[in-house]
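**Student:** Sequence below, structure please.
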Amino acid sequence: MLARIISILVGYVCGNFLTGFFYGKSQHVDLRNVGSGNVGTTNTYRNLGPKAGILTLLGDVFKVVLSVVIVWLFFRTNADVDVKVLEYYAAFGTILGHNFPIFMKFHGGKGIACTGGLMVAVCPICVPICLTIFLGTVLITKYVSLGSILVCLSFFLQILFYGQKGWLGVSGAVLTEVYVLAALVMILGIARHHANIGRLLHGTENKFYFKPKKQES
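**Tutor:** Numbers count the residues shown, from 1 in each chain. This next block holds a predicted model:
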């Protein structure tokens, strides 16, 4: 249990580095006061341009990878714990840190880029389908929020499928833990989009264009 708590804490600390927020500050822009007020990739892209958006995306993915690597290095020789499940805990902790950063009074991003980082670092087998769903949804509908929600659902369903196939590298009680963590990632990702879901249902959600426009997320 202690190893799991440590892994979450390592992730949480890494997650507190909000790439978009710090990049915005370097440009004398507080993203909390522009557009949607979100410090994630989409709002950064819309208000600071493609370069800022891409750097924010990469930074938020990398911090998950970093937390997973730190936990792997620390626990890889511990025979009493499956380091693979600890990697999932570290990634989940990073998402928590990103969404609820302590230095911003627990008001952070929505965690979708970090969820992508989880897949890259711990379960790359999920990347192709999730990436295809996200890009396809955004290109067709122009709704980043819808693509993000579908990614969360797809990730969870793939974890269940690959877990049953024995392709995740874990089994038994540890596999159940992975299922639970994947479910929490899905629920958290969807919950963080509750306002977007309301706008989607009412047809008032703002669309995303690759040519940045200042608008609500």
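**Student:** which residues sit against the one helix or strand in the chain whose mean pLDDT sits lowest?
**Tutor:** Sorting the helices and strands of the chain by mean pLDDT, DSSP states H and E puts helix 41-48 at the bottom, at a mean of 92. Contacts made with helix 41-48 from outside it, assessed by C-beta atoms under 8 Å, 6 or more residues apart in numbering, are listed as 20, 23-24, 27, 29, 31, 34-37, 52-54, 56-57, 60, 112-113, 144, 208, 212-215, 217. C-beta: built from backbone N, CA, C; applies to glycine.
**Student:** Pretty sure Lys63 is one of the things Ala113 touches, is it not?
**Tutor:** No. Ala113 lies out of contact with Lys63 (C-beta atoms under 8 Å); the separation is 9.3 Å.
**Student:** Restricted to helices, list the contacts of helix 41-48.
**Tutor:** Of the contacts of helix 41-48, the ones assigned to helices by DSSP state H are 20, 23-24, 52-54, 56-57, 60, 112-113, 144.
**Student:** and Gly35, backbone torsions?
**Tutor:** For Gly35, the backbone dihedrals (degrees, to the nearest 10) come out as phi 60, psi -130.
**Student:** Could you report the distance from it to Gly111?
**Tutor:** For Gly35, the distance to Gly111 equals 18 Å [C-beta to C-beta, to the nearest Å].
**Student:** can you check Leu2 too?
**Tutor:** Computed as C-beta to C-beta, the Leu2 to Gly111 distance reads 25 Å.
**Student:** for Val68, same thing?
**Tutor:** Here the distance between Val68 and Gly111 works out to 15 Å (C-beta to C-beta).
**Student:** again with Ala191
**Tutor:** Ala191 sits at a distance of 10 Å from Gly111 (criterion: C-beta to C-beta).
**Student:** Looking at the two now, which is surrounded by more residues?
**Tutor:** Between Ala191 and Gly111, counted using other C-beta atoms under 10 Å, the more crowded position is Gly111 (30 against 13).
**Student:** check contacts around Glu205.
**Tutor:** Taking C-beta under 8 Å, 6+ apart, we find Glu205 in contact with 143, 145-146, 196, 199.
**Student:** same thing but at 6 Å, please
**Tutor:** Contact analysis of Glu205 by C-beta atoms under 6 Å, 6 or more residues apart in numbering lists 143, 199.
**Student:** ok, so what distance separates it from Ile112?
**Tutor:** Computed as C-beta to C-beta, the Glu205 to Ile112 distance reads 15 Å.
**Student:** again with Thr141
**Tutor:** Applying C-beta to C-beta to Thr141 and Ile112 gives a distance of 16 Å.
**Student:** Looking at those two now, which is surrounded by more residues?
**Tutor:** Neighbours of Thr141 and Ile112, each counted by other C-beta under 10 Å, are more numerous for Ile112; the result is 26 against 15.
**Student:** Nearest residue to Gly97 in space, please, no chain neighbours.
**Tutor:** Distances taken as C-beta to C-beta, 6 or more residues apart in numbering put Gly15 closest to Gly97, at 2.1 Å, once the chain neighbours are dropped.
**Student:** from memory that neighbour sits against His98, does it?
**Tutor:** Yes. Taking contacts as C-beta atoms under 6 Å, Gly15 lies within contact range of His98: 4.2 Å.
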